[in-house]
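J.: Here is a sequence with its predicted model. Questions after.
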Amino acid sequence: QEQLVESGGGLVQAGESLRLSCAHLGRTFRFYVLGWFRQAPGNEREFVAGIDRSASVTSYANSVKGRFTISRDNAKSTAYLEMNNLKTEDTAVYYCAVQRGATNDILTRTDAYDSWGRGTQVTVSS
């Protein structure tokens, strides 16, 4: 099983920015579609953004489109989530995960992913 480690979370005010990182511990990072998800207290885990193996295609949830940018550096086995103009409703634990299977299509279902990291807390105050 792959191992992922998220970092970069913190406490910010509304309108500010954060950059999350997702480090993959292994040599197979470039073979995976990668997704960022988040889970707020009392809510189900939801898809935030995804990126295909070569970083040619990205996908975003409507709630973050235009504010968040996903990227990856396969040479560093790391993915990023740049979050701008943060809102209080972005407060959640953010997770990265790799998509199962051979498809390079970006899926949004949580059950299409595994090897979840432990997450990083993002708190946005008003």
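T.: Noted; the coordinates are in hand.
J.: Give me the nearest residue to T108, chain neighbours excluded.
T.: Leaving aside its sequence neighbours, T108 sits nearest to F47 (Cβ to Cβ, 6 or more residues apart in numbering; 4.0 Å). Every C-beta, even on glycine, is put in place using the N, C-alpha and C of the backbone.
J.: give me the beta-bridge partners of that neighbour?
T.: Assessed by DSSP bridges, F47 has beta-bridge partners F37.
J.: Is it correct that it is in contact with F37?
T.: Yes. Under the criterion of Cβ atoms under 8 Å, F47 is in contact with F37, at a separation of 5.7 Å.
J.: Give me the more crowded residue out of these two.
T.: It is F37, of F47 and F37, that has more neighbours when counted by other Cβ atoms under 10 Å, with 23 against 20.
J.: What separation do you get for the most centrally placed residue in the chain and W116?
T.: Nearest residue to the geometric centre of the chain (Cα atoms, centre = their mean): W36, 2.0 Å. Using Cβ to Cβ, to the nearest Å, we find W36 at a distance of 11 Å from W116.
J.: Which neighbours do these two have in common?
T.: Common neighbours of W36 and W116, counting by Cβ atoms under 8 Å, 6 or more residues apart in numbering, are Y95, C96.
J.: Are we agreed that G50 is in a strand?
T.: Yes. According to DSSP: H, G, I helix; E, B strand; the rest coil, G50 belongs to a strand.
J.: The nearest residue to it once chain neighbours are set aside: what secondary structure?
T.: The shortest distance from G50 to any non-neighbouring residue, by Cβ to Cβ, 6+ apart, is to I106 (3.7 Å). Recorded secondary structure, I106: coil (three-state DSSP).
J.: Quick check: the gap between I106 and H24.
T.: Separation of I106 from H24 (Cβ to Cβ) stands at 17 Å.
J.: Likewise for A14?
T.: The gap separating A14 from H24 is 31 Å, by Cβ to Cβ.
J.: likewise Q3?
T.: In terms of Cβ to Cβ, Q3 sits 7 Å off from H24.
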